[in-house]
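Colleague: any chance you can model this:
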Amino acid sequence: MRPGGWLIDEEGDWGMPGPVDPSHPLYAGYHRAFKGGDWWAARGYDPFFGRKLPTLFERCGLHDIDNQTTASVVRGGNPWARWWQQNLDVIRAWGLASSGPGEATDEEHKELTAPCSDPSAWFITELLHACSGQRPS
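Modeller: Residues are numbered from 1 along each chain as shown. Okay, the predicted model is just below:
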C-alpha cells in the first residue's frame, strides 16, 4: 500500500446470526446447535474475527481507523435466510466428505436449517464490519 493509501476490509461477525424470538419453537434448537458461534470455531474459523479488524489495522500501523457495522433482522425464507441455509448445507457436506472437525449431527443440522425456511422465524444476520485505515504518508 502506498504511503497515504487506504485499506478497506469487510468481515462478518458470525457469532450472532440466528432466530431472535426466544418464544419461537425453533429458537432453542438453533441456538443449542450453533453454540454462540462455537459451531464456527469447531471448524477452524474465528466467528468473531470481524470485530478484531480495528485492532489489527492499528497493529499494522494504520491510522484514521473507522469501523462501521451493520446487521439486519429478516424473515425466514427471505434471500439472506435461503443463502444462510445453502451455506450451512455446503459446510455440512464438506464436513461429511472430509470427516472434518466439528461435524454436525443430522439433528443439529436440522435445528440450524429449519428456521431458515420458516417465514414465522425472524433472524438477525451476521454483523458485517467495514473497517478502513490509512497508511501514514
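
Colleague: pLDDT of the helix or strand where residue 112 lies, averaged?
Modeller: Element membership for residue 112, per DSSP states H and E: helix 106-113. In this model, helix 106-113 has a mean pLDDT of 91.

Colleague: now stretch 52-70
Modeller: On average, stretch 52-70 scores 97.

Colleague: what's in contact with it?
Modeller: Contact with stretch 52-70 is made by 7, 9, 11, 13, 46, 50, 127-136, as judged by Cβ atoms under 8 Å, 6 or more residues apart in numbering. Heads up, the C-betas are built off the backbone N, CA and C, glycines and all.

Colleague: quick check on these: which are buried?
Modeller: For the contacts of stretch 52-70, a burial check counting by 16 or more other Cβ atoms under 10 Å picks out 11, 13, 50, 127, 129, 131, 132, 133, 134, 135.

Colleague: could I get the residues you listed as TSV with secondary structure and distance to residue 42?
Modeller: TSV is the format used below for the buried ones among the contacts of stretch 52-70 (DSSP: H, G, I helix; E, B strand; the rest coil; distance: Cβ to Cβ, whole Å):
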residue	secondary structure	distance to residue 42
11	strand	19
13	strand	17
50	helix	18
127	strand	20
129	strand	22
131	strand	26
132	strand	31
133	strand	31
134	strand	37
135	coil	36
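
Colleague: from the residues you listed, pick the one nearest residue 26.
Modeller: The closest of these to residue 26 turns out to be residue 127 (Cβ to Cβ; 21.2 Å).
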